[in-house]
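[1] only the shape, not the letters, is given here:
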């Protein structure tokens, strides 16, 4: 089992940066990646980005604004999104890829474990 806990959500002003953290614990030795997704009201969950667990590569839906990194010492994965807009308002989730790397990492079905989510609201 892998446990993930997101933190850092809240109210963000449009144009500022949002910074979220995903604390990972449990059977991390079998992990291959951590992804970030978001879900706005009445919309489907969408891919934001992911990082390989060894930190070698990261992949983004919007590489101009997003950065994902891993803090190895703290076993956390960080998401920074710059120049946020009201349309970035959503519940943000982190999720774990376990067992093997999957090239369908943009698909939420590829992930084995999910955090509970953290609300981000961008005010204009």
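    Nice, I can see it. Computed from a predicted model, the values in this text were never measured in an experiment. Numbers count the residues shown, from 1 in each chain.
[2] can you give me the distance of the residue positioned nearest the centre of the chain to residue 124?
    Note on the chain: the residue nearest the mean C-alpha position is residue 36, at 2.2 Å, using CA atoms, centre = their mean. Per CB to CB, to the nearest Å, residue 36 is found 23 Å from residue 124. Every residue, glycine included, has its C-beta placed from N, CA and C.
[3] who's in contact with the nearest residue to residue 112 once chain neighbours are set aside?
    What sits nearest to residue 112 in space, not counting adjacent residues and going by CB to CB, 6 or more residues apart in numbering, is residue 98, at 4.2 Å. Neighbour list for residue 98: 2, 27, 30-32, 112-113 [criterion: CB atoms under 8 Å, 6 or more residues apart in numbering].
[4] quick one: buried ones out of those residues?
    Taking 16 or more other CB atoms under 10 Å as the criterion, what is buried in the contacts of residue 98 is 2, 31-32, 113.
[5] tell me which two in those are the farthest apart.
    Spanning the widest gap among the buried ones among the contacts of residue 98 are 32 and 113, at 12.0 Å by CB to CB.
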